[in-house]
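J.: the following block contains a protein sequence and its predicted model.
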Amino acid sequence: MDINDLSTMSVTRSIALSGKKSGGLICIRGTHIGTMITLDNDKKVILGRDASVCTHVINDKQVSRKHIEITYVGTLNKYRIVDFSSNGTYTGDGIRLEKGKEYYLDPAEELYLGNEDNLYKLR
């Protein structure tokens, strides 16, 4: 095999670039500790208590029926977050997200859902 063969390089490059990008959300404190939620590129995921409207259910009284919507935006390597909750969503440094407003957060950011008992980390 010739490592300078352009046809091989082209196929290898195509395979590498077609890799599916994804993000993730990991519960590091709370009812679902250790749970990893894979977030496929540009696919909305809704977290909350109500299974009829949520992709992932979190059974905790501090979590709203429809708490937050998260989308991993692979082209930016950021997470689009929209809060819909009554009890709030907070960043790791204690800033409450405004209800209905879009935020773009970096990987490794922490999010509290409802209170400090439900801590998640963006992967």
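T.: Nice, thanks for sending it over.
J.: and the helix or strand hosting Thr38, what's buried?
T.: Here Thr38, judged by DSSP states H and E, is contained in strand 36-40. Under the neighbour-count criterion of 16 or more other Cβ atoms under 10 Å, strand 36-40 has 37, 39 buried. Using the backbone N, CA and C atoms, a C-beta is placed for each residue, glycine as well.
J.: that strand - contacts with which helices or strands?
T.: strand 22-29, strand 44-48, strand 68-73 (3 or more Cβ pairs under 8 Å, 6 or more residues apart in numbering; DSSP states H and E).
J.: name the residues linked to Met36 by a beta bridge.
T.: Beta-bridge pairing of Met36 under DSSP bridges involves Ile26.
J.: format the helices and strands packed on strand 36-40 as JSON lines; extra columns: mean neighbour count and mean pLDDT.
T.: Formatted as JSON lines, those follow (neighbours: other Cβ atoms under 10 Å; pLDDT from 0 to 100):
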{"stretch": "strand 22-29", "mean neighbour count": "17", "mean pLDDT": "96"}
{"stretch": "strand 44-48", "mean neighbour count": "19", "mean pLDDT": "97"}
{"stretch": "strand 68-73", "mean neighbour count": "21", "mean pLDDT": "98"}
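J.: TSV for those strands, including distance to Lys121?
T.: Formatted as TSV, the helices and strands packed on strand 36-40 follow (distance: least, Cβ to Cβ, whole Å):
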stretch	distance to Lys121
strand 22-29	5
strand 44-48	14
strand 68-73	12
